[in-house]
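Undergrad: Quick check, what structure comes out for this input:
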Amino acid sequence: MPKQSLTCLLLVLLTGCMTVGPDYQRPEVETPATWRFEDEEARVFADTTWWERFQDSVLTHLVETALRENKDLRIATARVEEFFGRYFATRGNQFPFVAGGGSAGRERVTEEGPSPIASGVDSTYDLYQVFLGASWELDFWGKFRRASESAQAELFSTEEARRTVVQTLVSAVALSYVELRALDKQLEITLHTAGTRRETLAIFKLRFDKGIISEVDLMQADSEYEDALARIPDLERAIGQLENALSVLLGQNPGPIPRGLTIDQMALPDIPQGLPSDLLERRPDIRQAEQALVAANARIGVAKSLYFPSISLTGDFGHVSTEFSDLFSGSAKEWGFGVDLNVPIFTAGRIGGEVRAAEASQKQALQAYLQTIQNAFREVEDALLDRTKSGQRLAALGRQVKALRKYASLAWMRYDEGYTSYLEVLDAERSLFNVELSYTSSQNALFRATVNTYKTMGGDWVEAATQVVTPPPVKEAGFIP
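TA: Numbering: from 1, shown residues only. Got it, this is the predicted structure:
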């Protein structure tokens with residue numbers, strides 16, 4: 001009868017398991033119907049390696065180098081591996097724990113103790129043991145299943161964090177390279193302007209020596225020449241510092257960066273297109289925030305399970321003998337099994353406090369998730385607006401450059417014919433120089449806005465970037481978040 005009762009109890013425990021705590025349901029999210037500044041002719045390029053569309057092989061090489069060598073990305077990858085191990089450590093609690101061992105030793109029993117041995121009995125003997133033990137806490141209330149659910153969500157969240165690093169890294173390399181090429185162009189413009197003004201100053205010195213022009217014209221030409229020279233060190237410093245920063249992104253010591261196409265030669269990629277609701281699936285930071293919410297939701301069940309009894313099965317089997325030759329004989333066998341039951345009766349509010357803390361943590365994760373979505377919508381709107389207005393500004397500056405070049409040419413003709421003073425020439429050339437620099441800055445701004453649009457919209461390009469050099473640790477192990 002006792003054996004039958006124990007068997008029935010085990011069947012009930014194994015088949016009647018339940019899982020306490022709330023099941024996760026994705027919160028309702030209010031999303032805009034469309035983007036305000038979406039390009040009507042944009043095509044879907046968010047799922048491709050968009051940096052290759054710049055048609056600059058050097059940029060592509062730099063991105064691949066960064067994906068292989070960047071230290072932040074290596075740290076993020078190692079962190080995924082850490083949480084991968086934590087998941088399996090937590091998941092293992094759902095299954096029986098089995099351990100075996102053995103020992104061999106020689107002992108001597110005192111002959112003068114409270115229980116003296118009989119005379120003629122050898123006080124020294126050998127002792128040999130082998131055993132196999134097992135224990136299993138039944139997950140009757142779903143405590144370990146909820147803990148595994150939480151650990152898996154934390155693993156997926158860490159993987160999404162790694163993808164966010166990839167997203168940020170690729171964008172940062174592209175942005176830095178484009179800015180570097182813009183600074184190179186500005187330095188080229190400044191050097192050319194300084195060379196032209198040096199030639200003008202040399203001619204003016206000859207004219208001044210012959211009494212053709214006044215000293216005022218000479219000093220004005222000298223001042224403009226020195227102004228151009230003064231700008232060169234600032235540009236060279238900015239280029240050097242940007243090269244150092246880009247080197248660190250590449251996982252290298254600070255140093256020079258190879259160049260490919262000029263900023264005028266690089267192609268401007270089309271912007272990606274998609275509905276605002278697509279961000280919920282495309283942005284790794286949103287998916288990371290949702291997995292954090294899943295984990296926090298599961299921890300409520302872990303906390304609530306502490307209200308219920310814990311039931312464990314234990315068992316031992318082994319052999320003990322003073323003679324090694326008899327160790328595995330039937331008479332040396334020993335075994336035992338049992339059921340342990342622990343019921344919380346008085347905890348002074350500890351369990352209630354843990355449940356309350358878990359529920360509060362879930363509320364925080366929910367608001368963080370919703371806030372992440374709102375920030376994502378804002379970032380995309382800002383990027384689309386930036387790209388639209390940067391394109392309009394660049395077009396206007398391009399027209400202004402053409403007009404100022406014509407103005408400068410006409411001003412020189414009028415000055416050479418004696419119809420105007422050198423001040424008109426200075427005004428025309430100074431304006432042309434400044435607008436040419438502004439035009440290059442605007443080119444950089446338009447490229448930056450395009451890169452930021454890809455970054456903020458997310459997409460499968462993040463996965464494609466990772467696959468360039470190494471498969472994601474989670475997918476490599478057969479997990480698909």
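
Undergrad: Return the distance of Ile232 relative to Ala238.
TA: 11 Å (Cβ to Cβ, to the nearest Å). Any C-beta I mention is one placed from the backbone N, CA and C, and that applies to glycine too.

Undergrad: swap in Asn452?
TA: From Asn452 to Ala238 the distance is 21 Å (Cβ to Cβ).

Undergrad: Which residue of these two possesses the greater neighbour count?
TA: Asn452 (20 against 15; other Cβ atoms under 10 Å).

Undergrad: The more buried one belongs to a helix, doesn't it?
TA: Yes - counting by DSSP: H, G, I helix; E, B strand; the rest coil, Asn452 is found in a helix.

Undergrad: who's in contact with the closest residue to it other than its chain neighbours?
TA: Spatial nearest neighbour of Asn452, excluding adjacent residues (Cβ to Cβ, 6 or more residues apart in numbering): Ala383 at 4.3 Å. Counting by Cβ atoms under 8 Å, 6 or more residues apart in numbering, Ala383 touches Ala449, Asn452, Thr453, Lys455, Thr456, Met457.

Undergrad: The helix or strand containing Ala383 - what's its average pLDDT?
TA: Per DSSP states H and E: Ala383 is located in helix 350-416. For helix 350-416, mean pLDDT rounds to 91.

Undergrad: same check, this time on stretch 127-142
TA: The model assigns stretch 127-142 a mean pLDDT of 82.

Undergrad: so how many other residues sit close to Gln252?
TA: Neighbours of Gln252 (other Cβ under 10 Å): 15.

Undergrad: quick one: Arg283 from Gly274, how far?
TA: 11 Å.

Undergrad: between these two, which one's more packed in?
TA: The residue with more neighbours, out of Arg283 and Gly274, is Arg283; 27 against 19, by other Cβ under 10 Å.

Undergrad: Give me the nearest residue to that one, chain neighbours excluded.
TA: Closest to Arg283 by Cβ to Cβ, 6+ apart is Gly458, at 3.8 Å.

Undergrad: now swap in Met266 and tell me
TA: Phe54 (4.9 Å).

Undergrad: Does the one you found touch Asp270 like I think?
TA: No - using Cβ atoms under 8 Å, Phe54 makes no contact with Asp270, being 11.8 Å away.

Undergrad: Looking only at neighbour counts, state which of these two leads.
TA: Shown here are Phe54 and Asp270; by other Cβ under 10 Å, Phe54 has more neighbours (25 against 16).

Undergrad: contacting residues for the more buried one?
TA: Ala174, Leu261, Met266, Ala267, Pro269.

Undergrad: roughly how far apart are Arg106 and Lys389?
TA: 89 Å.

Undergrad: Which residue of those two possesses the greater neighbour count?
TA: Shown here are Arg106 and Lys389; by other Cβ under 10 Å, Lys389 has more neighbours (14 against 9).

Undergrad: Quick one: residues contacting Ser176.
TA: Contacts of Ser176 (Cβ under 8 Å, 6+ apart): Leu242, Ala245, Leu246, Leu249.

Undergrad: Tell me, how many residues neighbour the third one?
TA: It stands for Leu246. 23.

Undergrad: so it sits right up against Leu180, yeah?
TA: Yes - in this structure, Leu246 is within contact of Leu180 by Cβ under 8 Å, at 6.8 Å.

Undergrad: Find residues that contact each of those two.
TA: Contacts common to Leu246 and Leu180, judged by Cβ under 8 Å, 6+ apart, are Ile257.

Undergrad: ok, and for stretch 188-201, which residues are buried?
TA: Using 16 or more other Cβ atoms under 10 Å as the test for burial, stretch 188-201 gives Ile189, Thr190, Thr193, Ala194, Arg197, Thr200, Leu201.

Undergrad: so which helix or strand takes in the second one?
TA: Taking DSSP H and E as the criterion, Thr190 maps to helix 143-209.
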